[in-house]
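Chemist: need a structure here:
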Amino acid sequence: MQRRRRRVNVGSSSSGSDQVLSLSLFLMLLAFFIVLNSISKFEETKIKPLLDSIEQSFSKDFTPPENTNPSVQESETPSVDEGDVTEKLEALFKSQIPNYESASNKTKGTMHVRLPYSEFREAVMAVGQRTPQRTTGTESGQVMLKGFFLPALIALIRTDQTDVAYRMDIILNLGDNPPHLQNNNPQLAERSIKKMGEISKKLENSGLPTKLQSIGFGGGPEDTVDLVFRPHIPYDPTGGQNDAP
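Modeler: Residues are numbered from 1 along each chain as shown. Predicted coordinates:
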């Protein structure tokens, strides 16, 4: 009599057990994260910058965030520092009238610039021309629009980040003591006064109020101009007595 051997399929039983175990583990993890998500909270102040960053990264129309104007300072490190008015003035003169000397006091917010009178007059009088004068620098290869200088200068003087207006004092250097020159060469002194009057009128017609500018004469190097920028402090005839309790 022939005996038949009974076959036992061990593989299928083991595979089924593994599937049940994996499914159980998956359900446990799913339940854990559901509970974790239900009890979790987020702070609006922390999540908003993250959401804004994601929106800017994947948005077609990029809009810079508030209070993140580009820096005007030359630096390899990324920065959102827009710079104060003296730094902007420095950048303006550097790009438009490279032949200048400057010194600034960050504590007082003042700046002193010395440049050739001819270049200053050319930059000021270029406003209003049909075609702004275009000059290409031979050394740096930069293109300078002289007609751009005065509007930018007036915009910086009239107000800065803190809404504090600046004033500009213009001093034409005659190479001699002004009273001495007036006595010895009155014709030259008269011509100098006329030239400065034309510049002052051009500044006023371009939008710079007379209270934010002044003209004068000095004994520095001949045919140079000293520009002094400082915060404008309105004149108070009462000496602040009206503010006293």
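
Chemist: from here on, contacts and neighbour counts on C-alpha atoms
Modeler: Noted.

Chemist: Show me the strands in this structure, by range?
Modeler: Per DSSP state E, the chain carries strands over the ranges 101-105, 110-116, 134-136, 143-145, 166-173, 213-218, 224-231.

Chemist: Asp52: which of these is closest?
Modeler: Among the strands of the chain, the nearest to Asp52 by C-alpha to C-alpha is strand 166-173 (36.1 Å).

Chemist: Which other helices and strands does the closest one contact?
Modeler: Contact here means 3 or more C-alpha pairs under 8 Å, 6 or more residues apart in numbering; DSSP states H and E; on that basis strand 166-173 packs against helix 146-158, strand 213-218, strand 224-231.

Chemist: Give me the residues contacting that strand.
Modeler: 117, 156-159, 196, 211-232 (C-alpha atoms under 8 Å, 6 or more residues apart in numbering).

Chemist: and with 6 Å instead?
Modeler: Identification of contacts with strand 166-173 by C-alpha atoms under 6 Å, 6 or more residues apart in numbering yields 157-158, 212-232.

Chemist: Give me the angle between it and strand 224-231.
Modeler: Angle of strand 166-173 versus strand 224-231, following axes from the mean of the first three to the mean of the last three C-alpha atoms, to 10 degrees, is 160 degrees.

Chemist: Adjacent strands (with direction) for strand 166-173?
Modeler: strand 213-218 (parallel), strand 224-231 (antiparallel) (DSSP bridges).

Chemist: Quick one: mean pLDDT for the first one?
Modeler: Which is strand 213-218. Summarised as a single mean, pLDDT over strand 213-218 is 90.

Chemist: May I see the buried residues of it?
Modeler: Buried residues in strand 213-218, counted by 16 or more other C-alpha atoms under 10 Å: 213, 217-218.
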